[in-house]
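Asks: Turn this into a structure:
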Amino acid sequence: MFAGIRVSNSYGLDNRTGAGAVKDVSSLLAEHGAIVLGQPPMHNLHRDANQGWSGHYCIGNLDSDLVALETKYPYYGGFTRACVLSHVCWVPTTSQWNYFSSDATHILQNGFSLSTSNAGGRHGDKLSLRVVSHRIPNSAHVAKIRGLTAVMGERIAPNLGHFVWEGAFALLTSMSQLGVYTGNLNVLRTSARAAKDPRLFAAFSDAFLAPLTGHSFNASTRGWVRTLDQLRKAYSSSHLICFEELQAGGAYNVFDSEALNVGREGLIALFRHRVLHWHGLNPRALRPAERPRILLVNKTSVNSNRLVRIILNFDEVSHYVRTRFGAHADIQVTGFASMPLAEQLALVTSTSVAFSPCGGISMILPFLRHGAYAMLINYIIRSANPNYEGPHGECANCSWTMEAELWRHVRHVHMHYYRILDASDVPVPRLTTGAGAIDNTGSDGYHGQRDANVHINLTRLHGLIHSALKELVPHLVEDSHLGTFG
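Replies: Numbering: from 1, shown residues only. Below is the predicted model of the structure:
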């Protein structure tokens, strides 16, 4: 899907040798495990004497119009276009991005746009370049930012899953696919959505974007995370703010496209490593031999305004798990909401078995320790049409896993699924949708069924936890108490 396309320009990224050679993911993992995370950029820009012109190196779909793609393919349009732009400048007074070229390519002449978040232009999060036919001015009012800066827009707030996996992780993925991986990234956040809940977005940034900026918070050399407004204030006397390298675009739709996640297993491991290492946690910690921790995730009104996909009989579930498994495991209940994100990560990395509703609240679980078990609650789309196929590939009346497109590529965690089997799990809708697609409104519609609250069958839950504990603590196989269902 990501065929590389090189465009000849003054500051092209061709002729890479030595320190500038692109390294594969296994090499990156080996380096980060054995040395440190705060490595200098693994590339060099090869410039000629004609300073002051822009350049670019791109992968993905370059010739199609972004808006036209989004009209035809509302889930996927424009998501695979990614570029590294050299010596482009932002105009603080107009928020315009300038590309300086005396011989602009047809790509730029046709209105070159880059999506900076999931859904790109449909949410206003895109970067469009204006071609300027002269060099970058040589002026004291031109600020120059060194190193690699990645542009990031935010799609949905306040959702940890989208921020982490369609935001921060997407930046690391694009770096690797473009061959410009650095341990000291600058992150420029372009979306105004952050202003709606600045404290929450600041917490997300500190937890998941900051780890991309360096080896540790106190590192002598590290990048930064800023919004466009913060950048404007930091360079208040500058008429132009120019970037040595600017990364924009990428494949953000990790929850909607299986194809975009194929081959990313190593990158998921690398991202997990960097985040945990930043927070002082051991990314290589193995599951404990004794006293595993079982984490029960309770979604409540504290962390959800809509109260969707909750466990209806959570108190009964908690009592049952403590009674049946408390002699052999530490049982902990959490809703995550009242905990700082660093503490959430520490809790997850010390957990051996996690049972959780699907959706955003579960998307911190890819940070579980190696060999841990994640048990997610499925959903079901019931339809009178036996040939129905949903947006995520759902078949009619099948138990389905939310975010399966990503979870299938999280290889260090064992996945167990609580299947939705009958009306005792969720109410049966009236099936008034006939032979067509399911309405997106009402409790009988697609989203209503996908977001339905679930009543947990304790016998089936017992089987899931028991099977995990037998692997974690083998002597439990002989425990007759644990072997009794019901």
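
Asks: so where is the stretch 351-486 of the chain shaky, pLDDT-wise?
Replies: Within the stretch 351-486 of the chain, the ranges that satisfy pLDDT under 70 run 428-444, 475-486.

Asks: All the helices of it, residue numbers only.
Replies: In order along the chain, the stretch 351-486 of the chain carries the following helices (DSSP state H, counting those that start in this stretch): 404-407, 446-450, 458-472.

Asks: Turn those helices into TSV, columns for distance to Ala346.
Replies: In this view, the C-beta of every residue, glycine as well, is placed from N, C-alpha and C. Conversion of the helices of the stretch 351-486 of the chain to TSV gives the following (distance: least, C-beta to C-beta, whole Å):
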stretch	distance to Ala346
helix 404-407	22
helix 446-450	31
helix 458-472	20
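
Asks: right, so of the ones you listed, which gets closest to Leu281?
Replies: Distance to Leu281, taken as C-beta to C-beta, is lowest for helix 458-472 among these, at 19.9 Å.

Asks: distance between the closest one and the chain's centre?
Replies: The chain centre lies 29 Å from the centre of helix 458-472; the measure is C-alpha atoms, centre = their mean, to the nearest Å.

Asks: Could you report the neighbour count for the closest residue to Pro211 other than its chain neighbours?
Replies: Excluding the flanking residues, the one nearest Pro211 by C-beta to C-beta, 6 or more residues apart in numbering is Trp278, at 3.5 Å. By the criterion of other C-beta atoms under 10 Å, Trp278 has 23 neighbours.

Asks: Next: Asn397.
Replies: What Asn397 shows, counting by other C-beta under 10 Å, is a neighbour count of 14.

Asks: Next, the nearest residue to it once chain neighbours are set aside: phi, psi?
Replies: The shortest distance from Asn397 to any residue that is not its chain neighbour, by C-beta to C-beta, 6+ apart, is 5.3 Å, and that residue is Arg382. Backbone torsions for Arg382, taken as degrees, to the nearest 10, come to phi -90, psi 130.

Asks: go on, Phe271?
Replies: Reported as degrees, to the nearest 10, the phi and psi values for Phe271 are phi -60, psi -50.

Asks: so it touches Leu172, yeah?
Replies: Yes. In this structure Phe271 lies within contact range of Leu172 using C-beta atoms under 8 Å: 5.1 Å.

Asks: which ones are touching the closest residue to Ile380 other than its chain neighbours?
Replies: Leaving out its chain neighbours, the residue that sits closest to Ile380 by C-beta to C-beta, 6+ apart is Ile420, at 4.1 Å. Shown in contact with Ile420 (C-beta atoms under 8 Å, 6 or more residues apart in numbering): 377-380, 399, 426, 454.

Asks: any chance of these in JSON lines, plus distance to Gln230 and neighbour count?
Replies: Below are the contacts of Ile420 laid out as JSON lines (distance: C-beta to C-beta, whole Å; neighbours: other C-beta atoms under 10 Å):
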{"residue": "Ile377", "distance to Gln230": "40", "neighbour count": "26"}
{"residue": "Asn378", "distance to Gln230": "42", "neighbour count": "19"}
{"residue": "Tyr379", "distance to Gln230": "40", "neighbour count": "23"}
{"residue": "Ile380", "distance to Gln230": "45", "neighbour count": "22"}
{"residue": "Ser399", "distance to Gln230": "46", "neighbour count": "17"}
{"residue": "Val426", "distance to Gln230": "45", "neighbour count": "19"}
{"residue": "Val454", "distance to Gln230": "42", "neighbour count": "20"}
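
Asks: So which of those residues are in strands?
Replies: Among those, the residues falling in strands (DSSP state E) are 377, 379-380, 399.

Asks: before we move on, the earlier item: now, which of the contacts of Ile420 sits nearest Phe355?
Replies: The shortest separation between Phe355 and any of these is 8.1 Å, and it belongs to Ile377 (by C-beta to C-beta).

Asks: Ala346 sits in which helix or strand?
Replies: Following DSSP states H and E, one finds Ala346 within helix 341-349.

Asks: what helices or strands is that helix leaning on?
Replies: Applying 3 or more C-beta pairs under 8 Å, 6 or more residues apart in numbering; DSSP states H and E, we find helix 341-349 packed against helix 265-278.

Asks: what pLDDT, on average, does the helix it packs on get?
Replies: Here the mean pLDDT over helix 265-278 is 95, rounded to a whole number.

Asks: For Thr349, which residues are in contact?
Replies: With contacts defined as C-beta under 8 Å, 6+ apart, Thr349 is in contact with 276, 281-282, 285, 367-369.

Asks: Any chance of a markdown table for these, columns neighbour count and distance to Ala329?
Replies: Conversion of those to a markdown table gives the following (neighbours: other C-beta atoms under 10 Å; distance: C-beta to C-beta, whole Å):
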| residue | neighbour count | distance to Ala329 |
| --- | --- | --- |
| Leu276 | 21 | 23 |
| Leu281 | 17 | 21 |
| Asn282 | 10 | 21 |
| Ala285 | 14 | 17 |
| Phe367 | 26 | 20 |
| Leu368 | 24 | 15 |
| Arg369 | 22 | 14 |
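
Asks: Mind picking the two most distant members of these?
Replies: The two members of the contacts of Thr349 with the most space between them (C-beta to C-beta) are Asn282 and Leu368, at 12.9 Å.

Asks: From Asn378, how far off is Ala404?
Replies: Counting by C-beta to C-beta, to the nearest Å, the separation of Ala404 from Asn378 is 9 Å.

Asks: From the centroid of the protein, which residue is nearest?
Replies: With distances taken as C-alpha atoms, centre = their mean, Trp165 lies nearest the centre of the chain, 0.6 Å away.

Asks: so it makes contact with Ala251?
Replies: No. Judged on C-beta under 8 Å, Trp165 makes no contact with Ala251 at a distance of 11.6 Å.

Asks: Helix, strand, or coil at the residue nearest to the centre of the chain?
Replies: What DSSP: H, G, I helix; E, B strand; the rest coil gives for Trp165 is helix.

Asks: which ones are touching the closest residue to it other than its chain neighbours?
Replies: Closest residue in space to Trp165, ignoring its immediate chain neighbours: Val254 at 5.1 Å, by C-beta to C-beta, 6+ apart. Contact analysis of Val254 by C-beta under 8 Å, 6+ apart lists 165-166, 169-170, 260-261, 405-406.

Asks: now, among the residues you listed, which is nearest to Ser352?
Replies: If you rank those by distance to Ser352 using C-beta to C-beta, Leu406 comes first, at 21.5 Å.

Asks: which residue sits closest to the closest one in space, ignoring its chain neighbours?
Replies: Leaving out its chain neighbours, the residue that sits closest to Leu406 by C-beta to C-beta, 6+ apart is Val254, at 5.0 Å.

Asks: Distance of that neighbour relative to Leu200?
Replies: Separation of Val254 from Leu200 (C-beta to C-beta): 21 Å.

Asks: cool, Arg369 as well?
Replies: Distance check for Arg369 against Leu200: by C-beta to C-beta, it reads 26 Å.

Asks: again, but for Leu406
Replies: Spatial separation of Leu406 from Leu200 under the definition C-beta to C-beta is 22 Å.

Asks: how about Cys89, secondary structure?
Replies: Local secondary structure at Cys89 is given as strand here, using three-state DSSP.

Asks: wait, doesn't it sit right on Val142?
Replies: Yes. Taking contact to mean C-beta under 8 Å, the distance of 7.4 Å between Cys89 and Val142 places them in contact.

Asks: The two: who's more crowded?
Replies: The residue with more neighbours, out of Cys89 and Val142, is Cys89; 24 against 15, by other C-beta under 10 Å.
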